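1. here is my input; please provide its structure:
(one chain, ligands or ions: 1)
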Amino acid sequence: MAVINVMEDIVRERLDIFLSGMDCCQCEICKGDMMAMALNMLKPKYVNSHKGELFSRIDSSKYQNTVDIDIAVTKAIATVSSSPHRS
Ligand SMILES: [Zn+2]
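-> From the prediction side, this is the model:
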């Protein structure tokens, strides 16, 4: 049995989109910090991955454009990039 948090995929996706237009450090450490921080601000959305990729894809497109996610990701980028490698 495997349970996954759909928000992880969405946040990773949004993070990459936001970072592609930015100048801050984008190493694995910073991106990991940003992801963790953004995910902690958001309500997790767990799905049983046994239901397959399709389910999580439908689900993720439903959540993809919510403002909350963008706000969390933006905040996380701002916080981490203001003091990279220190958390
Ligand atoms: Zn870095």
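2. now do residue 73 against residue 28, distance only.
-> Distance of residue 73 to residue 28, computed by C-beta to C-beta, to the nearest Å: 17 Å. Yep, even glycine has a C-beta here, placed from its N, CA and C like the rest.
3. between those two, which is the more surrounded one?
-> residue 73 (27 against 7; other C-beta atoms under 10 Å).
4. centroid residue for this protein?
-> Most central in the chain under C-alpha atoms, centre = their mean is residue 11, positioned 1.8 Å from the mean C-alpha point.
5. for that residue, give me its contacts.
-> Contacts for residue 11 (C-beta atoms under 8 Å, 6 or more residues apart in numbering) come out as 35, 38, 39, 42, 69, 72, 73.
6. try residue 8
-> Counted by C-beta under 8 Å, 6+ apart, residue 8 has contacts 35, 39.
7. next, it: phi, psi?
-> phi -60, psi -50 (degrees, to the nearest 10).
8. for residue 11, same thing?
-> Dihedral pair for residue 11: phi -60, psi -40, per degrees, to the nearest 10.
9. how about the residues of the chain near the ion?
-> 25, 27, 29, 30, 84 (C-beta under 5 Å from the ion).
10. could I get the contacting residues of the fourth one?
-> Spelled out, that is residue 30. 24, 80, 81, 84, 85.
11. assess the claim that the second one and residue 36 are in contact.
-> No - using C-beta atoms under 8 Å, residue 80 and residue 36 do not qualify as a contacting pair, with a distance of 9.3 Å.
12. between these two, which one's more packed in?
-> Between residue 80 and residue 36, residue 80 has the larger neighbour count (other C-beta under 10 Å), namely 24 against 13.
13. good, wrapping up.
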